[in-house]
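Student: let me see the structure of the following:
(one chain, ligands or ions: 2)
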Amino acid sequence: MITDAPVLRLSNVDRHYGQGETQLRILDKADFELHAGEMVALVAPSGTGKSTLLHVAGLLEHPDSGEVYVNGVACGHLGDDRRTAIRRNEIGFVYQFHHLLPEFTALENIMMPQLIAGLGGKDAEARAAMLLDYLRIGHRATHRPAELSGGEQQRVAIARAVANAPLVLLADEPTGNLDPQTAHYVFDALEALVRQSGLAALIATHNLDLAARMDRRVTIAEGKIVPF
Ligand code: ADP
Ligand code: MG
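Tutor: Ligands and ions are numbered 1, 2, ... in the order given. From the prediction side, this is the model:
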């Protein structure tokens, strides 16, 4: 269900690197809205600012000016603790590389953010197991990342990203390291999870087939976020 109030909103956001004549205006008075239940593809050439946009949207970087609203809360002037709490509870991240903790099992990797958020071990384990089953890798629960295929690693990373039932999923080329068939398989799992949970997702991808399956597509042009 797509509701009126955006769960993520960027308003008049600037993000610049460098100074003077060498300044890169990556985001330049950029506006963007993402609603619950919506899957949006971010399609733009390398170096355009996709990762920058996701980092700003995910409160990992501050914009130089403008505001980022998560579920209606203006996050710019919040202290680091508040921002971290919002990031932890409301935002899930998936990267191109899985970034799973190598010494922990798939199950433990998915439990970790829940334990950090204060959930008890039993509940965290039950939810982690449920997510693994949902992503059809329940039989890999006790395997460490090195014992998993690339597609399985990414599915664990997706499960970890949604473990705390965030409002927003931000994914930075989540299938970029996978062969086309595995990419589709992993995207199927991601899509099913997003559709089932009513999560809002912004997913950077170079894969136009996958982009075509999302609700809409945006790109970055002259620092603005515009329809692709
Ligand atoms: P994309 O993810 O689309 O490939 P990025 O957001 O990573 O693009 O980068 C956008 C541009 O900003 C690139 O030209 C990159 O070199 C530059 N850039 C990214 N991060 C920094 C930084 N910390 N300092 C200076 N320039 C940066
Ligand atoms: Mg990038």
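
Student: packing partners for the longest helix seen in the chain?
Tutor: Counting by DSSP state H, the longest helix found in the chain is helix 180-197. If contacts are counted by 3 or more CB pairs under 8 Å, 6 or more residues apart in numbering; DSSP states H and E, helix 180-197 sits against strand 39-42, helix 121-134, helix 150-161, strand 200-204, helix 208-212. Backbone N, C-alpha and C define where each C-beta goes, glycine included.

Student: for those, which one sits closest to ligand 1?
Tutor: Evaluated over these, closeness to ligand 1 peaks at strand 200-204, with 6.7 Å, by CB to the nearest ligand atom.

Student: what comes into contact with that closest one?
Tutor: Applying CB atoms under 8 Å, 6 or more residues apart in numbering, the contact partners of strand 200-204 are 7-8, 34-44, 50-51, 54, 57, 167-174, 190, 194, 210, 214.

Student: got the angle for the longest helix of the chain vs helix 150-161?
Tutor: 20 degrees (axes from the mean of the first three to the mean of the last three CA atoms, to 10 degrees).

Student: quick one, what contacts Asp123?
Tutor: Neighbours of Asp123 in contact, by CB under 8 Å, 6+ apart: Gln114.

Student: same question, Pro180
Tutor: Pro180 is in contact with Asn207, counting by CB under 8 Å, 6+ apart.

Student: got the CA coordinates for the helix-or-strand element of the chain with minimal mean pLDDT in PDB?
Tutor: Least confident element among the helices and strands of the chain, by mean pLDDT, DSSP states H and E: helix 180-197 (a mean of 92). Only the C-alpha atoms of helix 180-197 are listed here, as PDB (Å, rounded to 0.1, in the frame of the first residue of the first chain):
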ATOM      1  CA  PRO A 180      22.800 -12.300 -14.400                       C
ATOM      2  CA  GLN A 181      20.900 -15.400 -13.300                       C
ATOM      3  CA  THR A 182      21.900 -15.200  -9.700                       C
ATOM      4  CA  ALA A 183      21.200 -11.500  -9.800                       C
ATOM      5  CA  HIS A 184      17.600 -12.200 -10.800                       C
ATOM      6  CA  TYR A 185      17.200 -14.900  -8.200                       C
ATOM      7  CA  VAL A 186      18.500 -12.600  -5.400                       C
ATOM      8  CA  PHE A 187      16.300  -9.800  -6.700                       C
ATOM      9  CA  ASP A 188      13.300 -12.100  -6.600                       C
ATOM     10  CA  ALA A 189      13.900 -12.600  -2.900                       C
ATOM     11  CA  LEU A 190      14.500  -8.900  -2.300                       C
ATOM     12  CA  GLU A 191      11.300  -8.000  -4.200                       C
ATOM     13  CA  ALA A 192       9.200 -10.600  -2.400                       C
ATOM     14  CA  LEU A 193      10.400  -9.300   1.000                       C
ATOM     15  CA  VAL A 194       9.800  -5.700   0.100                       C
ATOM     16  CA  ARG A 195       6.300  -6.400  -1.300                       C
ATOM     17  CA  GLN A 196       5.400  -8.600   1.700                       C
ATOM     18  CA  SER A 197       6.600  -6.200   4.300                       C
END
